[in-house]
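Quick one, what's the 3D model for this:
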Amino acid sequence: MSKPCVTLGLLLVGFAGLTMPCNAAEIVGIDGQCLDVQGGGKADGTPVILYHCRGTPNQQWFYSAGQIVGSGGKCLDIQGGKADDGARIVMFHCHGGPNQQWSFYNSQIVGMGGKCLDAEGGRAADGTAVVLFHCHGAANQRWSTP
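Residues are numbered from 1 along each chain as shown. So this is what the prediction gives:
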């Protein structure tokens, strides 16, 4: 039986009300790089980075109960639980706290404090850290799904 969720592609283009069975998808950012769980790690605190898209399990995501869930059933989490510019995004067991709540607006993924998921420094190289940063709408804060 499929766990109910919202398809990420629909959220990123603004159709947030449609719920359907989970179909994990890549989240693609600046220069076509994918949101990736570093090294495919499953431990709490594993960093989220950009990496060239390969379709591997550590690049598959779905949205459920306000959380973005990925590899090993862990959630995107703001390390330290504070909405500071530059706070690292990591994987952590899902607990539903405010540091794991995400919404979608204008191709941006918005979290705690109204700040956006951001490819650090506007870079797109493999291994670039994904952080929380004030929303400015540049390419390093725009996300889509194939």
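
switch to C-alpha atoms for all contacts and neighbour counts from now on
Noted.

Show the subsequent helix or strand relative to the one helix or strand in the chain whose mean pLDDT sits lowest.
In the chain, no helix or strand scores lower on mean pLDDT, DSSP states H and E than strand 20-21, which sits at a mean of 40. Scanning the chain past strand 20-21 towards its C-terminal end, the next helix or strand to appear is strand 33-37 (assignment: DSSP states H and E).

Low-confidence stretches in this structure?
1-22 (pLDDT under 70).

got the residue ranges for the helices in it?
Counting by DSSP state H, one finds helices in the chain at the ranges 8-12.

what about the strands in it?
Ranges of strands in the chain, per DSSP state E, are 4-5, 20-21, 33-37, 48-52, 62-64, 67-69, 75-78, 89-92, 103-105, 108-110, 116-119, 130-133.

Rebuild those strands as CSV, extending it with mean neighbour count and distance to residue 27.
As requested, the strands of the chain are arranged in CSV below (neighbours: other CA atoms under 10 Å; distance: least, CA to CA, whole Å):
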stretch, mean neighbour count, distance to residue 27
strand 4-5, 18, 15
strand 20-21, 12, 18
strand 33-37, 27, 6
strand 48-52, 24, 10
strand 62-64, 22, 9
strand 67-69, 24, 10
strand 75-78, 28, 12
strand 89-92, 26, 14
strand 103-105, 17, 12
strand 108-110, 24, 10
strand 116-119, 28, 11
strand 130-133, 26, 12
